[in-house]
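1. Could you work out the structure for the sequence below:
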Amino acid sequence: MNFHTQPVLENERIILYPLQDQDFESLYAVASDPRIWEQHPNKDRWKKEVFRGFFEGAMESRGAFKIVEKATGKTIGSTRIYNYNEQENSIFIGYTFYAVTCWGKGINRSVKTMMLDYVFRLVSKVYLHVGADNIRSQIAVGRLGAQKIAEQEVTYPGEKPRLNFLYEISREKWSEQGKNS
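-> Below is the predicted model:
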């Protein structure tokens, strides 16, 4: 790949730091709230042993981030850049979750805007997997301009396959949206 999948990304509200092994406890402190996982494909991810598998998958991806709120310095969630496809000139963004206290405050849009602005420097297409029952995330990716293009079974590391919707957004669509906002 021609770009780094774990840069430090920062805006006025948020900093994305490359996820490190020592981040497990601070990230699990966020992830241990069962409400976060109610609409996600694996509703048991709030359990420490299940979350450990998720965290290990994040570390192995070499594209995972810890999301930190600048004003407080607190870890508020995680997200990833993954599955770069050179032939298709595409990459995935996902595996995102936030502390419940951050919901409805524009943080997801802020994080995804930073990530999309970064990856669209070098790829022409971004995909996002969203759980079939995760209405909240489906609405959020739709607001970013992503379009649902398929339904597929996705196997997360250490978990059984789950139905996900596949969304896509192109560099052109993203650029067009930026001019209209």
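2. need the strands for the protein, in chain order.
-> Ranges of strands in the chain, per DSSP state E, are 9-10, 14-18, 64-69, 75-85, 90-98, 125-131, 147-154, 162-170.
3. and the fifth one, what does it pack onto?
-> With contacts defined as 3 or more CB pairs under 8 Å, 6 or more residues apart in numbering; DSSP states H and E, strand 90-98 has these neighbours: helix 24-31, helix 48-61, strand 75-85, helix 107-119, strand 125-131. Any C-beta I mention is one placed from the backbone N, CA and C, and that applies to glycine too.
4. Then the first one?
-> When contacts are defined as 3+ CB pairs under 8 Å, 6+ apart, strand 9-10 packs onto strand 14-18, helix 107-119.
5. could those be laid out in JSON lines, adding mean pLDDT?
-> JSON lines is the format used below for the helices and strands packed on strand 9-10 (pLDDT from 0 to 100):
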{"stretch": "strand 14-18", "mean pLDDT": "98"}
{"stretch": "helix 107-119", "mean pLDDT": "95"}
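6. isn't Leu144 right next to Lys112, touching?
-> Yes - contact criterion CB atoms under 8 Å: Leu144 and Lys112 qualify, at 5.6 Å.
7. Have a look at these two and say which one is more surrounded.
-> Taking neighbours as other CB atoms under 10 Å, Leu144 and Lys112 compare with Lys112 leading, 22 against 19.
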